[in-house]
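Participant: Predicted coordinates and the sequence they were generated for:
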Amino acid sequence: MKILAIVPAFNEEESIAGVIEAITGSDSLIDILVVNDGSDDRTGTVAQSSGFARVVNLPCNLAAGGAVQTGFIFAKRGDYDIAFQFDGDGQHLASEIEKILAPVKDNLADVVIGSRFCGSGGGYRSTLSRRLGIKVFEIVNLLLIRQRVTDNTSGFRAYNRKAIHFLARNYPMDYPEPEAVLVLGKNGFKLKEVPVRVRKRAGGRSSISGTGSLYYMIKVLLALVVCCIRPREIKD
Amino acid sequence: MVKGVNIHIIQYVAITGSIVFIASVLFLISRRKLREEFSLLWLFFGFVFLVLSIWRRSLDIIASFLGIAYAPAAIFLILIIGVIAILIHFSIAISGLTERVKTLVQEVGLLKMEKDRKNQKKES
């Protein structure tokens, strides 16, 4: 079974080597694709010199969605059975990779999302506004696709072949996570969440903070609403 | 009619203006400075203003049809509708470009990676 780790990275030179090492350490058969999203620092070089990852250096910054989608395109062409997203900032734990891959391997779901909130997931602490925002996404998506996803913003996800092929064509561009959940749900993909823990960031900074978060909420909610009135991409 | 003002002057100015406008758009298309798909709306509104300035009564007809008491205000209405239509058209065009640029950037990234790998294989 061919498995690909898609690691989007924007200015993560401090953490990227550790991330690659951690993934190889957890399972040496996993191929790693680092998508360097037009970083200003040495992310690409550092990733390349690790020797364990293939590195796509995008000539300019595409925002998270465009970078991750590059991974799906690569996975589709490389005929991978499973692809999973693993953030380049080192917040995800390599020891939990197997946990999100298992349901896809066992054919229990098309997409598995590592959630910080479901089950007894390690008691993740975040600011009130952030948790509130995530709750809003949960409710909106529950109403729209009738599948409960407690952590719509999680970037720790695994996909089967069907989902890879779909996302290589349709993946939202900026702030893509909540929208991707909706698009997948609407097109009949089966979603499943497993509880995961996250670490504090090893380096770099979040793309969402301060006044940006208000724009983020409005943009994503608009995208979610628009998604509903858009016809399905996959016909039954 | 206001004394001392030749109301025909504005009509001549309007007709000349519309013709110059339409001619410049056509000129830009012929020089390939402007693509046809972008110029259609410009030409359309150019012709609307040409018609309005040649056939002056049309403005009164439009104004009374829309219930606008002061006929010249109808010009502004038409003008604003035209500007908004063109701006929306631009937003659509930019969105399309964004999508294509994204695809290109992804493809360039993947091709570069492929190329580097082939070079490395040759060297070793």
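Facilitator: That came through fine.
Participant: ranges for the helices of chain A?
Facilitator: Taking DSSP state H as the criterion, chain A carries its helices at A:16-26, A:43-49, A:63-77, A:97-105, A:128-145, A:161-169, A:177-186, A:211-229.
Participant: Check the average confidence over the first one, would you?
Facilitator: Computed over helix A:16-26, the mean pLDDT rounds to 93.
Participant: again, but for the second one
Facilitator: Confidence for helix A:43-49, expressed as mean pLDDT, is 93.
Participant: now the fifth one
Facilitator: Model confidence over helix A:128-145, given as mean pLDDT, is 84.
Participant: Buried residues of it, list them for me.
Facilitator: A:133, A:134, A:136, A:137, A:138, A:140, A:141, A:144, A:145 (16 or more other CB atoms under 10 Å in any protein chain shown). Any C-beta I mention is one placed from the backbone N, CA and C, and that applies to glycine too.
Participant: Check the second one too.
Facilitator: Buried residues in helix A:43-49, defined by neighbour count with 16+ other CB under 10 Å: A:43, A:44, A:46, A:47, A:48.
Participant: nearest to residue A:99, of these?
Facilitator: residue A:47 (24.6 Å; CB to CB).
Participant: Might one say that that closest one is in contact with residue A:41?
Facilitator: No - in this structure, residue A:47 is not within contact of residue A:41 by CB atoms under 8 Å, at 11.3 Å.
Participant: What is the neighbour count of residue A:217?
Facilitator: 18 (other CB atoms under 10 Å in any protein chain shown).
Participant: And it, what's its pLDDT?
Facilitator: The model's pLDDT for residue A:217 equals 84.
Participant: what does chain A have sitting close to chain B?
Facilitator: A:35, A:54-60, A:62, A:66, A:69-70, A:73-74, A:173 (CB under 8 Å from any CB of the partner chain).
Participant: Give me the buried entries from those residues.
Facilitator: Buried among these (16+ other CB under 10 Å): A:35, A:54-58, A:62, A:66, A:69-70, A:73-74, A:173.
Participant: Look up how far chain B lies from the most centrally placed residue in chain A.
Facilitator: Centroid check for chain A by CA atoms, centre = their mean gives residue A:155 as the closest residue, at 3.1 Å. Going from residue A:155 to chain B by CB to the nearest CB, to the nearest Å gives 18 Å.
Participant: With respect to chain B, which of the buried residues of helix A:43-49 is nearest?
Facilitator: residue A:48 (8.7 Å; CB to the nearest CB).
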